[in-house]
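> Fold the following for me, if possible:
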Amino acid sequence: MIKLIVTDIDGTLLPEGTHSLDPEYFEVITRLREKGMQFAAASGRHWKSIDQLFEPVRDKIFYIADNGAYLGTSKRELFVHTLPRDTAMEIIREARKLEGVETAASCANQAYMEVQGRTWKWLQEGYQYNMKMIDDLTKVEDGIIKLALDCPFHVDQIAEEFQKKYGDKVKMAVSGDTWLDIIPLDASKGISVKELQESLDIRPEETMAFGDQLNDLEMLERAYYSYAVGNAREEVKKAARFQADRNDRNGVLKVLKTLL
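Sure thing, here's the model as predicted:
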């Protein structure tokens, strides 16, 4: 029996940067909860962005935000992991040297940027982030749970270079076509799913998960019923046990409706 359903958002439930879900998802989630199944939305987004996206069912689901650095509900934090401060500051300074790269720093209750450019607009308008401008990201006093680097050129190459420099201190995950997410070593979507499973006493054999990108792989490993959507990267399709339809054809919704 399925007891926990976890799904990525962007690229899996809906196209990147979209801020509205098919309303039928809310009806289905409500019915799944009535049947005793827990539901978690897992994303590179900040939890407040997830909260707005799932507003009609916000009291019925869990949030795995910032690629697993944050686990909570609409009312409380359950687990929060922060980056080593010295390493975060070094990465911020290094990212400034890269052509076209813009960096956002996510903290538990706020996201910061020092450039009000395309990334600011994308996060605020597309993802409904609670953004704040600061003249220097290294002056952010709150614990940083994720650095998101918007890399318009060669994101995979940048990820490889940063992995060599900082891979022993932080975790890298390519998210979407241009994003490099940097999170604590002790955080990932997979780790958050494990924490949630343990707190709810739910086994991987009772878990269903959906994803499309490399940062979903660990999460899919925590679920026997692992699904890649039709538009997922090939690596994800190979790792998943099952395949759903594309996000623009409501592939996840189709699978969820079979559980009702």
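> Could you point out which residue ranges in the protein have low pLDDT?
17 (pLDDT under 70).
> Starting from G176, give me the distance back to the most centrally placed residue in the chain.
With distances taken as Cα atoms, centre = their mean, S43 lies nearest the centre of the chain, 1.9 Å away. Separation of S43 from G176 (Cβ to Cβ, to the nearest Å) stands at 11 Å. C-beta coordinates here come from the backbone N, C-alpha and C atoms, glycine included.
> Identify the contacts common to the two.
D10 (Cβ atoms under 8 Å, 6 or more residues apart in numbering).
> Can you give me the domain boundaries for this protein?
Split into domains by automatic domain parsing, the chain comes to 4-80+187-257, 85-184.
> Kindly provide the distance from I2 to L53.
Counting by Cβ to Cβ, the gap from I2 to L53 is 23 Å.
> Same question for D216.
For D216, the distance to L53 - Cβ to Cβ - is 17 Å.
> what do you get for G126?
11 Å.
> Overlap in contacts, these two.
H19.
> L196 contacts I64, correct?
Yes: with contacts counted by Cβ atoms under 8 Å, L196 reaches I64, the gap being 7.3 Å.
> Can you tell me which of the domains of the chain is most buried?
Highest mean neighbour count of those: domain 4-80+187-257, a mean of 20 (counted as mean count of other Cβ atoms under 10 Å).
> Please compute how far that domain lies from its chain's middle.
9 Å (Cα atoms, centre = their mean, to the nearest Å).
> quick one: terminal-to-terminal distance for that domain?
15 Å (Cα to Cα, to the nearest Å).
> returning to what we had before: and the residue nearest to the centre of the chain, what is it in contact with?
D8, I9, D10, S49, I50, I64, A65, N67.
> 6 Å instead, please
I9, I50 (Cβ atoms under 6 Å, 6 or more residues apart in numbering).
> Please report the distance of it from V140.
21 Å.
> How about residues contacting stretch 64-76?
Stretch 64-76 is contacted from outside by 40, 42, 44, 46-47, 50-51, 58-59, 62-63, 78-81, 106, 145-146, 173, 181, 183, 187-189, 191-192, 195, 215, using Cβ under 6 Å, 6+ apart.
> typed the wrong thing, it's stretch 128-138
By Cβ under 6 Å, 6+ apart, stretch 128-138 touches 19, 46, 48-49, 52, 89, 92, 105, 110-112, 114, 116, 123-124.
> Distance of D177 relative to Q110?
D177 is 26 Å from Q110, by Cβ to Cβ.
> And for Y63?
With Cβ to Cβ as the criterion, Y63 and Q110 are 16 Å apart.
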